[in-house]
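Asker: Provide a 3D model corresponding to the input given below.
(chains A, B, C and D)
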Number of protein chains: 4
Amino acid sequence: MIVVLKPEATADVVSELRARIEALGLRSLHLPGTERTVLGALGDERALAELDLSAHPMVESVQAVLTPYRSVTREFHPHDTIVQIGKVTVGGGRFTVAAGPPFAQPLQSLRDTTEQLPAAGAQVLRCGIIEPRKSPYTKISDPEVLGAQVHQAGKSSGLPVIIEVQTAEDVAQLAHWADAFEVRSIGNHRLLCALAAARKPVFLARGSAERLEDLLMAAEYLIAQGNPHIILCERGVRTFETVLPLALDIGALVWLKNRTHLPVFVDPSHSTGSRILTPAVALAALSAGADGISIYVHHTPEHAGTEGAAALDMAAFSQMIRSLRAVAKTLGREMSP
Amino acid sequence: MIVVLKPEATADVVSELRARIEALGLRSLHLPGTERTVLGALGDERALAELDLSAHPMVESVQAVLTPYRSVTREFHPHDTIVQIGKVTVGGGRFTVAAGPPFAQPLQSLRDTTEQLPAAGAQVLRCGIIEPRKSPYTKISDPEVLGAQVHQAGKSSGLPVIIEVQTAEDVAQLAHWADAFEVRSIGNHRLLCALAAARKPVFLARGSAERLEDLLMAAEYLIAQGNPHIILCERGVRTFETVLPLALDIGALVWLKNRTHLPVFVDPSHSTGSRILTPAVALAALSAGADGISIYVHHTPEHAGTEGAAALDMAAFSQMIRSLRAVAKTLGREMSP
Amino acid sequence: MIVVLKPEATADVVSELRARIEALGLRSLHLPGTERTVLGALGDERALAELDLSAHPMVESVQAVLTPYRSVTREFHPHDTIVQIGKVTVGGGRFTVAAGPPFAQPLQSLRDTTEQLPAAGAQVLRCGIIEPRKSPYTKISDPEVLGAQVHQAGKSSGLPVIIEVQTAEDVAQLAHWADAFEVRSIGNHRLLCALAAARKPVFLARGSAERLEDLLMAAEYLIAQGNPHIILCERGVRTFETVLPLALDIGALVWLKNRTHLPVFVDPSHSTGSRILTPAVALAALSAGADGISIYVHHTPEHAGTEGAAALDMAAFSQMIRSLRAVAKTLGREMSP
Amino acid sequence: MIVVLKPEATADVVSELRARIEALGLRSLHLPGTERTVLGALGDERALAELDLSAHPMVESVQAVLTPYRSVTREFHPHDTIVQIGKVTVGGGRFTVAAGPPFAQPLQSLRDTTEQLPAAGAQVLRCGIIEPRKSPYTKISDPEVLGAQVHQAGKSSGLPVIIEVQTAEDVAQLAHWADAFEVRSIGNHRLLCALAAARKPVFLARGSAERLEDLLMAAEYLIAQGNPHIILCERGVRTFETVLPLALDIGALVWLKNRTHLPVFVDPSHSTGSRILTPAVALAALSAGADGISIYVHHTPEHAGTEGAAALDMAAFSQMIRSLRAVAKTLGREMSP
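Answerer: Okay, the predicted model is just below:
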């Protein structure tokens, strides 16, 4: 860690800070410069997070040399992590398709759509159960009831299911119904605790305003607490652009694949908000090295509700799967038949 | 609502969509143009949210004429809403100072700081109890225990307290300790339900990637569910800028004050991350029409933890209060003595 | 165009605005609602831009039904536009590789790199001549001299060249050396005028904070002024993310390909800033439908200057080309051998 | 400068890089760590910019300890810089109001508005002459003609004028008409060269996607080239928010005032796009420490063109000035009577 002091920092401040660094078992370095004095800390600087040196009035800035996460990196663990969602194996070169309606209602649509998914080429059922709030005056369904229905639909069609959770309490209530949990924001610490304890696979989606390193920190936390069964997902970030809901940063996917051994998915539906744009984005995700996609499919998209404009119909989904298979073969990637 | 159809939309599509609009009790309008056909819906178009017309394959875009929120607007209710936090009256021209340590620990610091707040010029105690996650390896304290300590510190000093909640369960656990609840993200629908039911004042802070109209929608929801005791707060938004943690959009404050009758606060500490920048931002907030500020103060900021760099010491806080009082007087604003 | 009036707008205001709309030869519509009066304008509403109705004190908002651009759209002209850069044909299903050093200096590097490009698989030479400003104390080279050198390097290797321009004066000075002009920002109107007049192909790159519709507006302007030889390029946008310089929005590429008949390129080098991430992003661009890439290549990247970290060496470039060819073949896309 | 090497960097790489650092006259430091080797460079590390160490394949990251700018900082020059625009003195505690129509046309409006400005409280005339492009089909006026008209209007009313320039050529053409030049983007290096050479005051506005440190770098460049007559201006930045055109970051203003001795203005009109929001933002700017504002005023705002919705009428402008004077007096700030 590199600690840059303010110009007015005295020798006493230098001694005080070096003592605090060394009290943590690190070696301190004193680098007096012409305009600034710099202190270094050698050793595992993660211990220094406790000191909060940036709050010191004589400290100008603190720069970490090492990342605060470690277990998630390829440096620590070079080989691809494999995650099992029910009977489906994710990662390690395979390309997996998780598909389903944007939202679990109406029940008949969920059933009718799910029934057709295996033949069309999906390996996993994903389906929202936490309703997006369109207006203060819409009614909200009980996630537990919807979770059970998603589980049932998946079971009838032989597909394992990913179910979204928002709080620690959801994890307890939905554990029976989920083969994997999906989280769409990493800011809730107690939710991460509950997910770590549940030991089920976690589909950890990057929130639309979350930094990549914060996503890796959340994954690090899960691993540190004993749950290494993690799939990351890039869903797009908020920018100034207005014609598309979110920007799907394909460079972020490649950066993640390079930095971490965890599988990384892409969600082409939520990020583009348009069924016309979805297939090409899915193909790009595969080509850039994604381990899979999470995609909206609906047997009658015009009745799919709030995010219906982003849902593919079955014919478009099947055609997209054929393109994915052709490209996967060319790239030497394995894809379920 | 204005529905723009795709060029290829047929007369049958027009008839179908007009029938769907009229089935909701609205009047439909047909505006055939040279390049596009446009449909209009007259009446309370909020009912149309249910239809999700944007998912229709022949619909190019849907533009609302009315905002989806109504009860929060000055058009609906022109006069300033007054919110009571314990004995403290917020809104209606008064300027209120909510202050306290960034985080409730260590306990002695919380007590020592709070003790000095009333004399220094604070009317409300605010204090974080949900620990920011610095690293996957830090331990997290129990919010309920911390909530009780904040309550106790406030009581000893005669200050009502605002306590942060993240989930619906927090609301139940902390109701006994809080004079008002603070929420820092509006995406959790069940949390909003619980806050509406609790009937306590809600300090509704805009998340760093949340749109202003979504903030108003969340407030609308609380009002619709029976809890009109709401204070909004601008805490800064994420941008591409790197020298400051967040951008404090002073125009957003003015826009909110203009659009809604609810009191609006500003948080100069969290947004700037620096005790050097805080007082000037607080003064700007008052001058732009804010109803109050939420600010970090600590009797020894260098021991204030993760956000310590943003905490004012008591002397700087007192000096800022003196400046605020002088400007408040000039502007004809009331401020507690 | 839909004009929403403020609640306090009187019948006189309605009459005045309708008269102004009709004076432009459009048909006006009066849609009185329960909370707002709405006016519509039927006909080619682009004429209305002149009226600046949003400045009227009784107008709440103005919403366009039609886009302000027309000639660039597939609706107006469904088939792919073909652009000729020297002897190289761009668009219409072909995938074109424009490559070269980040910057034209040192001259020997430019020559050595360019010499190897044709065999390695590039069809066009692209090379920066407007030096990025690293510090106020670096010297800046004369773009005209550099332009001549790039032209000479391209000629020796049989490659047409794309040369960057920043001002209208650059266009005049560099016209002799450029087979196509590159622009990296669309805000300079007189530059667009000069480019329209020059009649050479324009490689119109989206600036890192420019909206997609503003990019199309700039292209529309060039077409309206008589220069339809335009290639668009997505180079990434600025976001809150800090581990990557820009976010390469792959959905934006697909949106552009869907909306316009102009060829669209992707720049994987500038957006990721890293030679490790570049090849996968290039593959994604091809798979998502890009007409080509603009990429940094250097025979000794560690001496390539400011953006050297983003430059591929010749071996990595050749390997990337092989992957692109394999995927292009699978997708039925033509790529120069 | 701190250079972090990749784990695979050998002792030879360490020797090579240390030699390159020392060849520039700096002292190099070798800090071998448990996971990474770090090199330090002591001395004026600005020289190292030339080395472009980040392009080296064995370098993981390069972190500067010193800022690349120096002359603009308060550390280098603690006292407020005073800038003279014609007879008007800017900076050093004074609060200056630069006002005028958004755009110089029609001529009669420019004259009628400017005539009323001195009595209403403006000290400087600012007026756009580079037309915003509303549509590809609008005609553009000649900036030189408009510049002369602005000069004439200012002269008749006794106000010095700030005139916008976009290119180096504008500087030459408009030098005769401008008391100060305004620049709204810092990316054009040759424009900065021309502004440095012209020796007239430069009103350097932050572009809507430009970082604060890049703004300071541009100012540093002007100073280094011999023109220290610089006023900075915060005009708002692009974010995901859609109800306001730009976010006016009041913390950025305070950060700038703290970091640099140059005067800093705020533009409340361009950032909010609304005459209703402007006065409160102007008051906030003064209270936060701005040296002045640049604001749109028009005698009949509904005829003020594209940005007319942001222009104050004369009555609202006068009322705002009265509020500014009252607050300035309270803050001990000098403001022209």
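Asker: could you give the average pLDDT over stretch A:267-287?
Answerer: Mean pLDDT, taken over the full extent of stretch A:267-287, equals 97.
Asker: hmm, I typed the wrong one, I wanted stretch A:14-24.
Answerer: pLDDT averaged over stretch A:14-24 gives 89.
Asker: who touches it?
Answerer: The contact list for stretch A:14-24 (CB atoms under 8 Å, 6 or more residues apart in numbering or on different chains) reads A:3, A:5, A:28, A:30, A:37, A:39, A:41, A:47-48, A:50-51, A:53, A:56, A:58-59. The C-beta positions use only the backbone N, C-alpha and C, and glycine is treated the same way.
Asker: okay, and which of the residues you listed map to strands?
Answerer: A:3, A:5, A:28, A:30, A:37, A:39, A:41, A:59 (DSSP state E).
Asker: ok, which of those residues also contact chain C?
Answerer: When the ones in strands among the contacts of stretch A:14-24 are filtered against chain C using CB under 8 Å from any CB of the partner chain, no residues are retained.
Asker: please report how far residue A:166 lies from residue B:17.
Answerer: Using CB to CB, to the nearest Å, one obtains 34 Å as the distance from residue A:166 to residue B:17.
Asker: now do residue A:331
Answerer: From residue A:331 over to residue B:17 (counting by CB to CB), the distance is 43 Å.
Asker: higher neighbour count, those two?
Answerer: Legend: neighbour count by other CB atoms under 10 Å in any protein chain shown for residue A:331 and residue B:17, higher for residue B:17 (23 against 19).
Asker: quick check: the more buried one is in a helix.
Answerer: Yes - assigned with DSSP: H, G, I helix; E, B strand; the rest coil, residue B:17 falls within a helix.
Asker: state the pLDDT value of the residue of the stretch 101-250 of chain A found nearest chain B.
Answerer: Of all residues in the stretch 101-250 of chain A, residue A:209 sits closest to chain B, at 2.9 Å by CB to the nearest CB. In this model, residue A:209 is scored at 91, pLDDT.
Asker: top helix in chain A by residue count?
Answerer: Ranked by residue count under DSSP state H, the longest helix found in chain A is helix A:314-330.
Asker: residues making contact with it?
Answerer: A:95, A:97, A:99, A:113, A:116, A:120-122, A:275, A:278-279, A:282-283, A:286-287, A:295, A:297, A:299, A:312, A:334-335, C:287, C:326-327, C:329-331.
Asker: ok, residue A:147 - contacts?
Answerer: Here residue A:147 is in contact with A:129, A:163, A:173-174, A:177-178 (CB under 8 Å, 6+ apart).
Asker: what are the buried residues along the helix or strand it falls within?
Answerer: Secondary structure assignment for residue A:147, by DSSP states H and E: helix A:143-157. Neighbour-count burial for helix A:143-157, counted by 16 or more other CB atoms under 10 Å in any protein chain shown, picks out A:143, A:146-154, A:157.
Asker: ok so, going back, list buried residues within the ones in strands among the contacts of stretch A:14-24.
Answerer: Among these, those classed as buried by 16+ other CB under 10 Å are A:3, A:5, A:28, A:37, A:39, A:41, A:59.
Asker: the third one contacts residue A:43, correct?
Answerer: No - with contact taken as CB atoms under 8 Å, residue A:28 and residue A:43 are classed as non-touching, separated by 9.5 Å.
Asker: ok, the residue of the stretch 1-150 of chain A found nearest chain C to residue D:144 distance?
Answerer: For the stretch 1-150 of chain A and chain C, the shortest gap (CB to the nearest CB) falls at residue A:67, measuring 10.0 Å. Separation of residue A:67 from residue D:144 (CB to CB) stands at 55 Å.
Asker: then residue A:315?
Answerer: Using CB to CB, residue A:315 is found at 60 Å from residue D:144.
Asker: leaving out the residues flanking it, which one is nearest to residue A:100?
Answerer: In space, and not counting its chain neighbours, residue A:100 is closest to residue A:127: 4.0 Å by CB to CB, 6 or more residues apart in numbering or on different chains.
Asker: quickly list what that neighbour is bridged to.
Answerer: residue A:163 (DSSP bridges).
Asker: returning to what we had before: neighbours around the residue nearest to the residue of the stretch 101-250 of chain A closest to chain B when sequence neighbours are not counted, how many?
Answerer: Distance criterion CB to CB, 6+ apart; nearest residue to residue A:209, sequence neighbours excluded, is residue B:209 at 2.9 Å. Residues lying near residue B:209 (other CB under 10 Å) number 21.
Asker: my read: residue B:209 touches residue A:238, true?
Answerer: Yes - using CB under 8 Å, residue B:209 is in contact with residue A:238, at 5.4 Å.
Asker: list residues touching both of those two?
Answerer: A:208-209, D:240.
Asker: which one of these is nearest to chain C?
Answerer: Of all those, residue A:209 has the smallest distance to chain C: 6.6 Å, by CB to the nearest CB.
Asker: does that closest one belong to a helix, a strand or coil?
Answerer: Note that with three-state DSSP, the state of residue A:209 is coil.
Asker: if I look at it, how far off is residue B:3?
Answerer: Distance from residue A:209 to residue B:3, by CB to CB: 31 Å.
Asker: what do you get for residue A:20?
Answerer: 64 Å.
Asker: cool, and residue A:234?
Answerer: Shown here: residue A:234 relative to residue B:3, a distance of 32 Å by CB to CB.
Asker: and if you look at residue A:301?
Answerer: 17 Å.
Asker: setting aside sequence neighbours, what's the nearest residue to residue A:48?
Answerer: residue A:1 (5.2 Å).
Asker: wait, that neighbour touches residue A:59, no?
Answerer: No - contact criterion CB under 8 Å: residue A:1 and residue A:59 do not qualify, at 11.3 Å.
Asker: which neighbours do these two share?
Answerer: The contact sets of residue A:1 and residue A:59 do not overlap (CB under 8 Å, 6+ apart).
Asker: picking that back up, surely the residue of the stretch 101-250 of chain A closest to chain B meets residue B:211?
Answerer: No - using CB under 8 Å, residue A:209 is not in contact with residue B:211; the gap is 11.1 Å.
Asker: just to revisit the earlier point, now list the buried members of the contacts of helix A:314-330.
Answerer: Using 16+ other CB under 10 Å as the burial test, the contacts of helix A:314-330 include A:95, A:97, A:99, A:113, A:120-122, A:275, A:278-279, A:282-283, A:286-287, A:295, A:297, A:299, A:312, A:335, C:287, C:326-327, C:330-331 as buried.
Asker: residue contacts, the residue positioned nearest the centre of chain A?
Answerer: With distances taken as CA atoms, centre = their mean, residue A:205 lies nearest the centre of chain A, 2.7 Å away. Going by CB under 8 Å, 6+ apart, residue A:205 touches A:182-184, A:232-235, A:267.
Asker: kindly report the same for residue A:222.
Answerer: Contacts of residue A:222 (CB under 8 Å, 6+ apart): A:192, A:195-196, A:202, A:204, A:228, A:230.
Asker: inside helices: which ones of these?
Answerer: Per DSSP H, those map to helices at A:192, A:195-196.
Asker: where does the stretch 151-300 of chain A dip in pLDDT?
Answerer: Flagging of the stretch 151-300 of chain A using pLDDT under 70 yields an empty set of residue ranges.
Asker: which parts of it sit against chain D?
Answerer: Residues of the stretch 151-300 of chain A lying close to chain D (CB under 8 Å from any CB) are A:209, A:238-240, A:242.
Asker: between these, which has the most around it?
Answerer: residue A:239 (25 neighbours).
Asker: quick revisit: what is the nearest of the shared contacts of residue B:209 and residue A:238 to residue D:80?
Answerer: residue D:240 (35.5 Å; CB to CB).
Asker: residue A:232 pairs with what?
Answerer: Beta-bridge partners, per DSSP bridges, of residue A:232: residue A:204, residue A:264.
Asker: how far away is it from residue A:72?
Answerer: Distance from residue A:232 to residue A:72, by CB to CB: 9 Å.
Asker: mutual contacts of the two, please.
Answerer: Common neighbours of residue A:232 and residue A:72, using CB under 8 Å, 6+ apart, are A:219, A:260, A:262.
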